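Engineer: Need the 3D shape of this:
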Amino acid sequence: MIIADLSQTPGRTYPARRRTQNLVGGASPIQAKAFSIGYVTLEPHGGQVPWHNQEQEEVYLVLEGTGEMCLGAERATLTAGQAVYIPSKVFHQLTNTGSTTMRMIYCYGPAGEVAHWRQELEGTLPRAGVEAPALPSGAQSQCIEKPKA
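Structural biologist: Reported below is the predicted structural model:
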């Protein structure tokens, strides 16, 4: 039996003020071909999964907190207990708009790396309205800061 223990999974912290811990896929001892699952913590007042897209389809399930979800040209508020479906290749972004930590689970399939993790660490995310479609009207800004050396 292979078990991934969230309390023993250090995860990775990203420039957009988010920590991602792989539960299935990535650095996790559990590997699957059809899907990946992870636990994400977004810091209060702007922690973010920046504007990006990927080949895989995905679902975000909000466990705690409140955030702004942008999906293509749409923008909505997500709260604890809500899930959102993200179709393949559609640009999306989630921003913690609350004063407390936001926690969520992602599941995407098929399994494999998604480019935005590497791009964010390198400071090479496609910029909204430049190399990528613009964010929906009124949306929080995309975090595109390169990590400090």
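
Engineer: Please count neighbours and contacts with C-alpha atoms only from this point.
Structural biologist: Will do.

Engineer: Just the strands from the chain, written as ranges.
Structural biologist: Here the chain has its strands, by DSSP state E, at 12-14, 18-24, 36-42, 48-52, 57-64, 66-71, 74-79, 83-86, 92-96, 102-109.

Engineer: among these, which is nearest P133?
Structural biologist: P133 lies closest to strand 48-52 among these, at 9.3 Å (Cα to Cα).

Engineer: before we move on, back to that, tell me which of the strands of the chain lies nearest to R127.
Structural biologist: strand 48-52 (7.8 Å).

Engineer: ok and that closest one relative to strand 102-109, angle-wise?
Structural biologist: Following axes from the mean of the first three to the mean of the last three Cα atoms, to 10 degrees, one obtains 40 degrees for the angle between strand 48-52 and strand 102-109.

Engineer: What lies in contact with strand 48-52?
Structural biologist: Residues outside strand 48-52 that contact it (Cα atoms under 8 Å, 6 or more residues apart in numbering) are 16-18, 42, 91-96, 116, 125-128, 135, 142-144.

Engineer: Distance to L6 and mean neighbour count added to the strands of the chain, as a markdown table?
Structural biologist: Shown next, in a markdown table, are these (distance: least, Cα to Cα, whole Å; neighbours: other Cα atoms under 10 Å):
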| stretch | distance to L6 | mean neighbour count |
| --- | --- | --- |
| strand 12-14 | 13 | 16 |
| strand 18-24 | 7 | 22 |
| strand 36-42 | 8 | 23 |
| strand 48-52 | 20 | 27 |
| strand 57-64 | 15 | 19 |
| strand 66-71 | 22 | 23 |
| strand 74-79 | 22 | 16 |
| strand 83-86 | 21 | 16 |
| strand 92-96 | 21 | 26 |
| strand 102-109 | 12 | 21 |
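
Engineer: For I2, which of those strands is the nearest?
Structural biologist: Nearest to I2 among the strands of the chain is strand 18-24 (10.5 Å), distances taken as Cα to Cα.

Engineer: Compare the strands of the chain and give me the one nearest I3.
Structural biologist: Among the strands of the chain, strand 18-24 sits nearest to I3 (Cα to Cα), with 9.0 Å.

Engineer: pLDDT (mean, whole number) over the closest one?
Structural biologist: Strand 18-24 shows a mean pLDDT of 97.
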